[in-house]
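Participant: everything below, folded, please.
(one chain, ligands or ions: 1)
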Amino acid sequence: MLKKIDHLGIAVPNLEEARRFYEQVLGLECHGVQEVADQKVRTAFYEVGEVHLELLEPTAPDSPIAKYLEKNPAGGIHHVAFAVDNVQAELTEFEGKGVRLIDKAPRPGANNKLIGFLHPKSTLGVLTELCMDDPSKK
Ligand code: CO
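Facilitator: Numbers count the residues shown, from 1 in each chain. Predicted coordinates:
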């Protein structure tokens, strides 16, 4: 079951410029900058109510975010992430319903999360992430 929207992943060409907008214009407080080697991104996190924003800047030309920015040079909403209790169980369930998966098994995300992506070709063009706290990181 999808419990809530955990975060929106927002692709940005330049994290420092993006941070200036989110912090000085929108007035949000950054609560962490982190590099996620597995996804070849640098991220900055914000919190708006219960929803987090995750700004994503590519750290390598073959980063998924670099590919997104080739098509959307100004940046944009890259993915929607839903909180679930068990990423593996949800991936298995959605695959059983015919959804194409990017991840057959959960992998580490930022902030000690386990994450798994559904393929946008199966989700009406919206790259969809499932995430949960990594039980091994508590
Ligand atoms: Co995410």
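Participant: Ile115 should be in a strand, yeah?
Facilitator: Yes: counting by DSSP: H, G, I helix; E, B strand; the rest coil, Ile115 falls inside a strand.
Participant: what residues does this protein have near the ion?
Facilitator: Gly9, Ala81, Glu129 (C-beta under 5 Å from the ion). For glycine as for every other residue, the C-beta is placed from the backbone atoms N, C-alpha and C.
Participant: please name every helix or strand in contact with the helix or strand harbouring the last one.
Facilitator: Spelled out, it's Glu129. Assigning secondary structure by DSSP states H and E places Glu129 in strand 128-133. For strand 128-133, the packing partners by 3 or more C-beta pairs under 8 Å, 6 or more residues apart in numbering; DSSP states H and E come out as strand 4-11, strand 76-83, helix 87-96, strand 113-118.
Participant: okay, the angle between the shortest one and strand 4-11?
Facilitator: Relative orientation of strand 113-118 versus strand 4-11 (axes from the mean of the first three to the mean of the last three C-alpha atoms, to 10 degrees): 80 degrees.
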